[in-house]
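>>> I would like the atomic coordinates for the input below:
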Amino acid sequence: MSKDLYAVRALLRVIQLSKQNLTPFAATLGQVLATFILEVAKDEKSSSPNYIYILFEASALTLTYVKDNKDAFTAVED
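Numbers count the residues shown, from 1 in each chain. The predicted structure follows:
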């Protein structure tokens, strides 16, 4: 899996624009973010600090938007 900075920026932008409308996709988004985070954790030294930061922001923003829906929040958190 390549760590494409442009792709993760695009993902962050989609999350920002979707806001609470991403709740139905929370489980899938949580899986995607978890996969990206695990890949970064395996080889942190070769990852761009910007990539890691944007990935963190995307995860935090997702949790912020789904916090009112317990099932969606749990799906992302898992």
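>>> from here on, just use CA atoms for contacts and neighbour counts.
Noted.
>>> in this protein, what spans have low per-residue confidence?
Across the chain, residues meeting the criterion (pLDDT under 70) sit at 1-2.
>>> now do the helices in it.
5-18, 26-42, 49-66, 70-77 (DSSP state H).
>>> ok, residues contacting the first one?
Judged by C-alpha atoms under 8 Å, 6 or more residues apart in numbering, the contacts made with helix 5-18 from elsewhere in the structure are L22, N50, Y51, I54, L55, E57, A58, L61, T62.
>>> once you drop chain neighbours, what's closest to the fifth one?
Put plainly, it is L55. V8 (6.6 Å; C-alpha to C-alpha, 6 or more residues apart in numbering).
>>> the first one now?
Counting by C-alpha to C-alpha, 6+ apart, L22 lies nearest to I15, which is 7.3 Å off, once chain neighbours are set aside.
>>> ditto for the last one
With C-alpha to C-alpha, 6+ apart as the measure, I15 is the residue that lies nearest to T62, at 6.7 Å, once sequence neighbours are left out.
>>> roughly how far does the one you found sit from K45?
Distance, I15 to K45, using C-alpha to C-alpha, to the nearest Å: 26 Å.
>>> cool, and A26?
Going from A26 to K45 by C-alpha to C-alpha gives 29 Å.
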